[in-house]
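Undergrad: fold the following.
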Amino acid sequence: MSAFAKIKAIQNTLSASEAKLAAFTLSSPTAMRELSSSQLAKTVGVSQSSVVKFAQKLGYKGYPAFKLSVVDAINKKAQNKSRLHGEITVDDEFNDMADKLLAGKINVLTETRNLNEKEAFTAAVNKVLGAKRILISGVGGSAIVCRDLCYKLQKLGLQAVNDTDSHVQLALAATLDAHDVVIAISESGSTLEVARVVKEAQRHQSPVISITRYGKTPINQLADIKLYSVAESESTRLSSIHARTAQNLVIDLLFIALIQASENGRGTLARTNKAFQRMRAS
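TA: Presented below is the predicted three-dimensional model:
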């Protein structure tokens with residue numbers, strides 16, 4: 001999991017000391033190769049304990065593990081030096097705009113991949129395959145991703161349900177029990193309507209899988225299994241585009257992992273594909 005991706009994802013929630021450490025890490029990562037925790041603290045102007053707590057907040061056992069992750073991120077970033085960066089402007093020629101958009105999408109996909117661990121997807125697959133019903137909750141732009149995931153799960157023969165109306169989602173959540181699962185999709189991780197669905201499902205002991213941005217968000221803090229998407233962009237005009245790109249990668253990874261894990265699912269998918277083949281031939 002990329003150290004840079006973690007820092008960027010929670011950058012707006014950091015304390016003053018943590019913000020200094022985050023800024024230094026992102027702006028001068030190569031300098032950290034030679035710095036101990038005490039040297040970093042002195043350089044940035046914070047206490048050594050702040051360095052350790054910052055590393056732990058990012059999910060590392062201590063500073064050495066954090067430093068190793070930063071070095072690894074530097075090495076990976078060096079492999080992509082030729083990637084075009086920069087904000088898309090209204091004055092960009094088409095080719096420049098297209099190249100920047102492609103570069104932004106590649107970056108979002110790479111960061112999203114780096115944020116997610118195999119163990120979380122394995123746990124999500126087991127929950128979904130063992131569920132009696134699967135309620136997929138999301139509103140706004142995320143609702144489009146919810147619909148896509150619902151369709152994918154239905155093609156595997158799974159009892160997935162989804163509705164764009166948040167009131168219907170809440171009503172459905174009230175009918176769930178411990179044998180059902182909720183998949184909550186929210187780029188911000190704080191969408192009020194989705195949080196209400198999650199809380200209602202939990203009242204009935206239904207487990208929750210979240211797909212949100214990385215960090216402590218209201219929704220993923222309630223979730224039993226946490227999957228992450230990244231939607232960072234220099235331009236707020238592109239934020240929704242990048243959010244859907246990242247979310248689509250997560251649901252596609254989940255879909256393929258389900259296919260790999262379920263022989264029954266593969267059989268059902270083959271039957272649905274044959275149905276489409278017969279339709280095209282007729």
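Undergrad: could I get the full set of strands for this protein?
TA: Using DSSP state E, the strands of the chain run over 134-137, 160-161, 181-185, 208-212, 225-228.
Undergrad: and of these, who's closest to Ile106?
TA: Closest to Ile106 of the strands of the chain, according to Cβ to Cβ: strand 225-228, at 17.5 Å. Where you see a C-beta, it was placed from the backbone N, CA and C, and this is true even at glycine.
Undergrad: what helices or strands is the closest one leaning on?
TA: Counting contacts by 3 or more Cβ pairs under 8 Å, 6 or more residues apart in numbering; DSSP states H and E, strand 225-228 packs against helix 118-129, strand 208-212, helix 239-261.
Undergrad: could you single out the most deeply buried of the ones you listed?
TA: strand 208-212 (a mean of 27; mean count of other Cβ atoms under 10 Å).
Undergrad: other residues contacting it?
TA: With Cβ atoms under 8 Å, 6 or more residues apart in numbering as the test, strand 208-212 has contacts from 124, 127-128, 181-189, 198, 201-202, 219-220, 222-229, 247, 250-251.
Undergrad: what sits closest to Asn264 if chain neighbours are left out?
TA: Gly157 (6.5 Å; Cβ to Cβ, 6 or more residues apart in numbering).
Undergrad: burial measure for that neighbour, as a count.
TA: 16 (other Cβ atoms under 10 Å).
Undergrad: how about the helices and strands packed on strand 225-228, which one is nearest Arg147?
TA: Comparing those against Arg147 with Cβ to Cβ, the closest turns out to be helix 239-261 (10.5 Å).
Undergrad: now that closest one, how far from the centre of its chain.
TA: 9 Å (Cα atoms, centre = their mean, to the nearest Å).
Undergrad: elements contacting that helix?
TA: Against helix 239-261 (3+ Cβ pairs under 8 Å, 6+ apart) you get helix 94-115, helix 118-129, helix 141-155, strand 208-212, strand 225-228, helix 263-281.
Undergrad: ok, back up a step: okay if I get the strands of the chain as TSV plus distance to Thr272 and mean pLDDT?
TA: Converted to TSV, these look like this (distance: least, Cβ to Cβ, whole Å; pLDDT from 0 to 100):
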stretch	distance to Thr272	mean pLDDT
strand 134-137	17	98
strand 160-161	14	98
strand 181-185	20	98
strand 208-212	23	97
strand 225-228	25	96
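Undergrad: and those strands: which comes nearest Lys8?
TA: With Cβ to Cβ as the measure, strand 225-228 is the member of the strands of the chain nearest Lys8 (12.0 Å).
Undergrad: what residues are up against the residue nearest to Thr122 when sequence neighbours are not counted?
TA: Excluding the flanking residues, the one nearest Thr122 by Cβ to Cβ, 6+ apart is Ala257, at 7.7 Å. For Ala257, the contact set (Cβ under 8 Å, 6+ apart) comprises 121-122, 124-125.
Undergrad: output the below-cut-off pLDDT ranges for this structure.
TA: Where the chain drops to pLDDT under 70, the residues are 1, 77-86, 232-239.
Undergrad: make JSON lines out of the helices and strands packed on strand 225-228 and add distance to Thr13.
TA: Below are those laid out as JSON lines (distance: least, Cβ to Cβ, whole Å):
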{"stretch": "helix 118-129", "distance to Thr13": "21"}
{"stretch": "strand 208-212", "distance to Thr13": "13"}
{"stretch": "helix 239-261", "distance to Thr13": "17"}
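Undergrad: those: which one's closest to Ser47?
TA: Ser47 sits nearest to strand 208-212 of all these, at 31.2 Å, using Cβ to Cβ.
Undergrad: need the CA coordinates for that closest one. CSV is fine.
TA: Extracted C-alpha coordinates of strand 208-212, given in CSV (Å, rounded to 0.1, in the frame of the first residue of the first chain):
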residue,chain,number,x,y,z
VAL,A,208,-21.2,-4.1,5.9
ILE,A,209,-18.5,-3.8,3.2
SER,A,210,-17.5,-0.2,2.5
ILE,A,211,-16.0,1.2,-0.7
THR,A,212,-14.8,4.7,0.3
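Undergrad: any idea how far the residue nearest to Asn264 lies from Ser262?
TA: The spacing between Gly157 and Ser262, counted by Cβ to Cβ, to the nearest Å, is 9 Å.
Undergrad: state the distance from the residue nearest to Thr122 to Arg244.
TA: Ala257 is 20 Å from Arg244, by Cβ to Cβ.
Undergrad: among the contacts of Ala257, which two are most distant?
TA: Within the contacts of Ala257 (distances taken as Cβ to Cβ), the two that end up farthest apart are Thr122 and Ala124, at 7.3 Å.
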